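1. just coords:
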């Protein structure tokens, strides 16, 4: 019997290295692929030359074939350009989610299928589970569940996966803690065993930062900072770099009460600040909704950031299809406002799997 073929996305990190190693040990025919996404300078993310080299050398250690697939045009169009446009409009994007949506679980999946791979695997810390239907036989519908390591869980950034993607994806390290992953890498002698995790956006360098990157792609404008009453209290160098909820970097005089950004108005070149209570909201509107196993309404747990604490809420939605689908999430207790452009991910109220998610309008 021929072993099942799996294409493993190898970023050059320890998680994808161990994912590939586990599949090899389980008897799969494994081929490693590293995606070259960003063609510019990189020193903080997962697209550097050293990362590609680490992935290739791990593949050699495991005795598997390794390829590099270049998707720089797709990455520019679906991740970088929208990232720049969002800042131009005063929004706060999440490029990692858009990379998962458009590159890792769309472009890569399509390319894998074209060359004969029905299944792909990644090193994400999340699990794929089958939802029960009440009969004990299983429903056949799949869901993305939280990884075993709560501190490293990546289900929030993978909420965009639908049934087709879930059915063709393996997440071999989702049932391991990060410590387990590193121990496994050590046992196998993998060169990535002690490699630090990638923390930052791959196209933003540590030297130039976000301001340096954006200043080369859009005009940055100073803006007046006003308080809740509209009185001028200062100025920021670039309104496009300010986000709702920001506290530092506003150039405000010290000694006063802590104030946060409550509104960013790019066209008016104005940033409004206020006390923490001015950021409290009871509901949030979402667009570009994803419902991986069908439309959900009612009780959910809403998570408003990658490592945020899920909050009880209720969701109501329109029944239309496509990008125009909208939803309103009403929190059981007031929550800190989420910046436009960020995502809110909805989990089952008594389980740990994703039922939906969308972008803050």
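-> Everything's here; your move. All values reported here derive from a predicted model rather than from experimental measurement.
2. how about residue 75, nearest residue that isn't a chain neighbour?
-> residue 37 (4.1 Å; Cβ to Cβ, 6 or more residues apart in numbering). Heads up, the C-betas are built off the backbone N, CA and C, glycines and all.
3. what's the single longest helix in this protein?
-> When the chain is parsed with DSSP state H, its longest helix is helix 49-62.
4. the following helix or strand past that helix: how far from the chain's middle?
-> For helix 49-62, the following helix or strand on the C-terminal side (DSSP states H and E) is strand 65-70. Relative to the chain's own centre, strand 65-70 is displaced by 23 Å; criterion: Cα atoms, centre = their mean, to the nearest Å.
5. likewise for stretch 90-105?
-> A distance of 6 Å separates the centroid of the chain from that of stretch 90-105, by Cα atoms, centre = their mean.
6. quick one: contacts of it?
-> Contact with stretch 90-105 is made by 9, 35, 37, 71, 74-75, 78-80, 82-83, 86-87, 122, 157-161, 165, 169, 201, 203, 239-240, 242-244, 264-266, 339-343, as judged by Cβ atoms under 8 Å, 6 or more residues apart in numbering.
7. start and end of that stretch, how far apart?
-> 28 Å (Cα to Cα, to the nearest Å).
8. before we move on, what about stretch 188-207?
-> Using Cα to Cα, the end-to-end distance of stretch 188-207 comes out at 35 Å.
9. please work out the average pLDDT along that stretch.
-> When pLDDT is averaged over stretch 188-207, the result is 87.
10. same check, this time on stretch 160-180
-> pLDDT averaged over stretch 160-180 gives 97.
11. name the residues of it that are buried.
-> If you call a residue buried by 16 or more other Cβ atoms under 10 Å, then stretch 160-180 has these buried ones: 160-161, 165-166, 168-174, 176-178.
12. make a PyMOL selection of the buried ones in the contacts of stretch 90-105.
-> Per 16+ other Cβ under 10 Å, the buried members of the contacts of stretch 90-105 correspond to this PyMOL selection:
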select buried, resi 9+35+37+71+74+75+78+79+80+82+83+86+87+122+157+158+159+160+161+165+169+201+203+239+240+242+243+244+264+266+339+340+341+342+343
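13. of the contacts of stretch 90-105, which belong to helices?
-> Reading helices off those with DSSP H, I get 74, 75, 82, 83, 86, 87, 165.
14. skipping adjacent residues, who's closest to the last one in space?
-> Nearest-residue entry for residue 165: residue 105, 4.7 Å, with adjacent residues in sequence omitted and distances by Cβ to Cβ, 6+ apart.
15. out of the ones in helices among the contacts of stretch 90-105, who's nearest residue 15?
-> residue 165 (18.6 Å; Cβ to Cβ).
16. now do the contacts for residue 21.
-> Residues in contact with residue 21 (Cβ under 8 Å, 6+ apart) are 62, 184, 185, 188, 190.
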